[in-house]
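Q: Got a predicted structure here, sequence first:
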Amino acid sequence: MLKLSGAVLIISAFGLWGFSKSEKLKNRNESLLRIISSLSLLENEISYAQKSMRDALFTIGALANMPLFTVISETIGNLAMQEVFSGALSKCNMNLSNSDKQALLEFSQNLGSLDCASQIKSILHTKELLQTARNEAYEEYKKYSRLYRSTGVLLGVLFSLILL
């Protein structure tokens with residue numbers, strides 16, 4: 001009975017590992033989608049509402065339920081924009097890859113320092129980069145999510161058989 005309960009715990013632990021890896025892939029895909037839609041809102045705020053950058057980012061954070069933009073709006077003005085973005089990306093765990101973070105940091109260099117037309121071009125370029133990354137993330141999720149879940153359970157079965 002003790003061996004059986006140990007085997008169930010091992011299988012459960014490895015299964016949870018596989019499911020958590022699969023969930024990280026899913027969360028990255030969803031985070032990129034939410035950031036892209038938030039950038040569309042930012043584009044509208046810059047071009048039509050003519051709000052200050054702090055107010056625009058706070059509005060987007062509230063409307064899109066994006067804590068990333070809320071944190072940025074709270075710390076804007078204290079540091080350089082790239083440092084603000086870097087701190088907010090590290091504070092908000094969004095399961096983004098390094099290339100996704102790099103695209104957002106490059107975007108932050110121009111945010112608030114250029115005229116409206118240049119900022120909108122920068123937003124459109126960043127949206128294209130993130131859309132490409134989102135398509136890759138979606139393909140990766142479709143390709144590897146089932147693999148991670150199955151591998152986790154099968155590794156648990158293997159280790160439990162070895163230990164029994």
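A: Good, I have the coordinates. Keep in mind the model is a prediction, meaning the values are calculated, not measured.
Q: can we go C-alpha only for contacts and neighbour counts from here?
A: OK.
Q: gap between the helix or strand containing residue 152 and the chain center?
A: Counting by DSSP states H and E, the element that carries residue 152 is helix 116-163. From the chain centre to the centre of helix 116-163 is a distance of 10 Å (Cα atoms, centre = their mean, to the nearest Å).
Q: again, but for stretch 3-16
A: 31 Å.
Q: Now that stretch: buried residues?
A: 7, 10-16 (16 or more other Cα atoms under 10 Å).
Q: One more: stretch 123-130?
A: Result for stretch 123-130 [16+ other Cα under 10 Å]: buried residues 123-124, 126-127, 129-130.
Q: same deal with stretch 45-53?
A: For stretch 45-53, a neighbour-count test (16+ other Cα under 10 Å) marks 45-46, 53 as buried.
Q: Stretch 50-67 too?
A: Buried residues in stretch 50-67 (16+ other Cα under 10 Å): 53-54, 56-61, 66-67.
Q: Reformat the residues you listed into a markdown table and put pLDDT, secondary structure and distance to residue 99 next to each item.
A: Output for the buried residues of stretch 50-67, formatted as a markdown table (pLDDT from 0 to 100; DSSP: H, G, I helix; E, B strand; the rest coil; distance: Cα to Cα, whole Å):
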| residue | pLDDT | secondary structure | distance to residue 99 |
| --- | --- | --- | --- |
| 53 | 80 | helix | 25 |
| 54 | 81 | helix | 25 |
| 56 | 84 | helix | 25 |
| 57 | 84 | helix | 22 |
| 58 | 86 | helix | 25 |
| 59 | 86 | helix | 26 |
| 60 | 87 | helix | 23 |
| 61 | 85 | helix | 22 |
| 66 | 85 | coil | 20 |
| 67 | 85 | helix | 20 |
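Q: neighbours of residue 154, just the number please.
A: 16 (other Cα atoms under 10 Å).
Q: Give me the pLDDT for it.
A: Note for residue 154: predicted pLDDT of 94.
Q: quick one: it from residue 54, how far?
A: Residue 154 sits 50 Å away from residue 54, going by Cα to Cα, to the nearest Å.
Q: so where's the chain shaky on pLDDT?
A: By pLDDT under 70, the chain has no low-scoring segment.
Q: 90 instead, please
A: Along the chain, segments meeting pLDDT under 90 span 1-7, 41-101, 103-123, 160, 163-164.
Q: tell me the contacts of residue 45?
A: Contacts of residue 45 were listed using Cα atoms under 8 Å, 6 or more residues apart in numbering, and they are 51, 56.
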